[in-house]
Structure formats: C-alpha cells, structure tokens
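Chemist: What follows is a predicted structure for the sequence shown.
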Amino acid sequence: MSESVRAGLPQRLLRLLSLLQARREWSGADLADRLGVSARTLRRDVDRLRGLDYRVEGVPGVAGGYRLASGHGLPPLLLDHEEAVSLALALVSADGAREGALSALAKLERILPARLRPRLAAVRGSASAVPAGRDDTDPATLGRLAAHCRDRVVTAFAYRPRTGEPGERRVEPHHLVSHGGHWYLIAHDLDRDGWRTFRVDRVGGVRAAHGRFAPRDLPDPAGHLLGGFAEATYAHTVHLAVDLPAREVRGRLYGPFPGRIEPDGEDRCRVRVSADSPHLVAQYTAAVLCLDARVTVEQVTAEIAGHLRRAGGALLSCP
C-alpha cells in the first residue's frame, strides 16, 4: 500500500484499524459501539480495509465479529504518543537481557511518523536499565506461551525441573511474570490438578494440545509467584526471630527476598530464609543480622553457620 493511500485513510478507518490491532477478536456490536457507527457502516469500513490489503477476517458466531489476521504483508502498527514511548521504554529495559532490543528500537524509530520520533529519540538517548541477571529464555518460546495464555489454549511442553526428572507437562497457561532476571509461567497443571509455576528457560517443545479452556480465578499472578517462592523449601533454610516489626524488616532489605517475613506481635517478627544456594542464604541471613536489632538464630545448618562465622571473623579482624 502506497504512502499516499495510507495518508488518505479517513480518521474512522485508522481508529478501526487500531482497535483491530489491540485485541485478537471483536464482536461487530462492540466495534460499531466503539466507533459510533451502525453495523452497516462498520461492514463498509471493513470492506474498505480489505480493499487496502488488510486481512480482516470474519469471526463466526451468533453475533459475528472480526479479527485482523497476521501475515507477511501486515502493515506497521499504529501507535499513538503514549504507546510509542511505552514501547520504547520496554525495549530499553529489555536491552540488558537481549541484544536484539536495540535493533528493534531502531526499526521502531524508522517506521514511526516524524512527529513521534523526537520522543522516541529522547527515551533512547536518556534512559537505560541495569539488567537483573542473565536470562536464557528463548524469545520464540516466550512468544508462543504468551499467545497460548491469550488464546486460552491447552498447552503441552517438556520441562526440566529444579529437582527431579525431566518430563512432559500438559497445562492451562494463565500468566507470564518476570522476576529476578527470569520469566515464569503460572499455569494450572491438568495432570496434577493444581496451580504450578514453571521457569520458562527450562521449558521446551511448546505446542498446542487439543482444546481450549475456560479461565480460572487467579487475581494476582505476581503475588501468587512471590507467595510460592516464600512457601517453598529449598536445600538451605535459616529461621530467625527479629525484634523489629515485619514491615520495617521488609523496608530495610533490598531486592526480592528469598523467603518469608511474618509478624510475631507488634514489634517482633519471624524470618525464614530459604534457597538452593548456600551463599545466597548466608548473604540474606547476614543482611538480617545487620539490621541493628536483636536477632535470635533459631535454626541454621552447619554449612550456613560456617559461612557466617567466616564472615564474622573477617569483620573482627578489620583494623
């Protein structure tokens, strides 16, 4: 489609195209209501988009509807000011983990209208992100899982767990959450009949199983992920009693805490640090011990105690 033809599109058609790009499927009634037009006018507008080589497909059903099909000839996305800046910020944030983010940012800058380029250039030139750590997640795997979450597709994949033997999983994928430098899939495991969390860099061979599913109630995916981390028991665990309110301990510790902090009265709390890495457990235990409050070590393994004694000895030897 030539630039002159695209520039001549009526404002309503641009709005229709933007709506079709924002959601996988629309009912005809919803689209007509959003545009403030009749069903007949909507059909004419859809036909005009088709005449301009936009692949708008009809969706069968009682009410009928439309969707914008993907394809090699799909024209560039339509982005307003806020969408362009938000996308640029997301690409800058991803740059620490993926070298392709800079390339994508450059392509985005080239295809945007001239009026949006100054904002994008400002974000690119003045924003940066510190990577949370190395993430070996395959973008194609992440993209397939995201599509299956959106479309509510029962999904099968091979999984390498933290402990135990690798195996096949069949799940209802619900949500993807990024945390601590990794991506996690929260899904309902059909064979185990319960919610499970899967680290996406351990997932392989993602494919659609038979059928779709109705969504289950999980109102806070991020909270579910963090709660699972807090409750899990790993190879090394330390239990502490701290003479500080739980909210104050949480406020003084930096970063995602590998464990649980629970109130034990108004001015006291109990802290549980648990992880597979003894070094990580020792570091966070030492951080709690340094909170300038009375701390009682209630349970500690010999390996963690050894790390802490060596650290304490090094501090005592300081001039």
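Modeler: Received it, and whenever you're ready, just let me know what you need.

Chemist: pretty sure A208 is in a strand, no?
Modeler: Yes: secondary structure assignment (DSSP: H, G, I helix; E, B strand; the rest coil) places A208 inside a strand.

Chemist: Touching, it and H148? I think so.
Modeler: Yes: between A208 and H148 there is a contact under C-beta atoms under 8 Å: 6.8 Å. Using the backbone N, CA and C atoms, a C-beta is placed for each residue, glycine as well.

Chemist: Neighbour count: these two, which is higher?
Modeler: Per other C-beta atoms under 10 Å, whichever of A208 and H148 has more neighbours is H148, with 24 against 14.

Chemist: List the residues that contact that one.
Modeler: By C-beta atoms under 8 Å, 6 or more residues apart in numbering, the residues touching H148 are 155, 173, 206, 208.

Chemist: From R160, how far out is D201?
Modeler: Distance, D201 to R160, using C-beta to C-beta, to the nearest Å: 9 Å.

Chemist: Settle it for me: which of those two has more neighbours?
Modeler: Neighbour totals were compared for D201 and R160, and D201 leads with 17 against 14 (other C-beta under 10 Å).

Chemist: Spell out the secondary structure type for the more buried one.
Modeler: On the basis of three-state DSSP, D201 is classed as helix.

Chemist: pull the longest strand from this structure.
Modeler: Of all the segments of type strand in the chain, defined by DSSP state E, the longest one is strand 167-179.

Chemist: now it, how far from the centre of its chain.
Modeler: Remark: strand 167-179 is offset 12 Å from the chain centroid, using C-alpha atoms, centre = their mean, to the nearest Å.

Chemist: hey, C-alpha coordinates of the helix or strand following that strand in CSV?
Modeler: Counting by DSSP states H and E, the next helix or strand C-terminal to strand 167-179 is strand 182-189. Taking Å, rounded to 0.1, in the frame of the first residue of the first chain, the C-alpha atoms of strand 182-189 are listed here in CSV:
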residue,chain,number,x,y,z
HIS,A,182,13.8,-14.8,34.8
TRP,A,183,10.4,-15.4,33.2
TYR,A,184,7.9,-17.7,34.9
LEU,A,185,4.8,-19.3,33.6
ILE,A,186,1.9,-19.6,36.0
ALA,A,187,-0.4,-22.4,34.8
HIS,A,188,-2.9,-25.0,36.0
ASP,A,189,-1.3,-28.4,35.7
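
Chemist: For strand 182-189, what is the distance to the chain centroid?
Modeler: 10 Å.

Chemist: got the angle for it vs strand 167-179?
Modeler: Going by axes from the mean of the first three to the mean of the last three C-alpha atoms, to 10 degrees, strand 182-189 is angled at 130 degrees with respect to strand 167-179.

Chemist: and strand 182-189, what does it pack onto?
Modeler: On a contact count with 3 or more C-beta pairs under 8 Å, 6 or more residues apart in numbering; DSSP states H and E, strand 182-189 meets helix 139-151, strand 167-179, strand 194-199, helix 221-231.

Chemist: on that earlier part again, now tabulate the contacts of H148 in TSV and tack on distance to D136 and pLDDT.
Modeler: Formatted as TSV, these follow (distance: C-beta to C-beta, whole Å; pLDDT from 0 to 100):
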residue	distance to D136	pLDDT
T155	20	95
P173	20	94
V206	15	93
A208	24	91
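
Chemist: Can you select the buried ones from those in ChimeraX?
Modeler: The ChimeraX selection below is limited to those of those classed as buried (16 or more other C-beta atoms under 10 Å):
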select :155,173,206
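
Chemist: biggest separation within the contacts of H148, which pair?
Modeler: Using C-beta to C-beta, the contacts of H148 reach their maximum pairwise distance at P173 and A208, which is 10.4 Å.

Chemist: Now list whatever residues contact both of those two.
Modeler: The contact lists of P173 and A208 share 148, 153, 155, where a contact means C-beta under 8 Å, 6+ apart.

Chemist: and the first one, what pLDDT?
Modeler: To tie it back to what came earlier, the one meant is H148. We have a pLDDT of 89 for H148.

Chemist: Check the second one too.
Modeler: pLDDT, the model's per-residue confidence, is 91 for V153.

Chemist: do the same with D191
Modeler: For D191, pLDDT reads 89.

Chemist: which residue sits closest to it, ignoring its sequence neighbours?
Modeler: R170 (5.9 Å; C-beta to C-beta, 6 or more residues apart in numbering).

Chemist: Which elements pack onto the helix or strand containing R15?
Modeler: In this structure, R15 sits in helix 11-22 according to DSSP H and E. Judged by 3+ C-beta pairs under 8 Å, 6+ apart, helix 11-22 is in contact with helix 28-35, helix 39-51, strand 65-68.

Chemist: Done for today, thanks.
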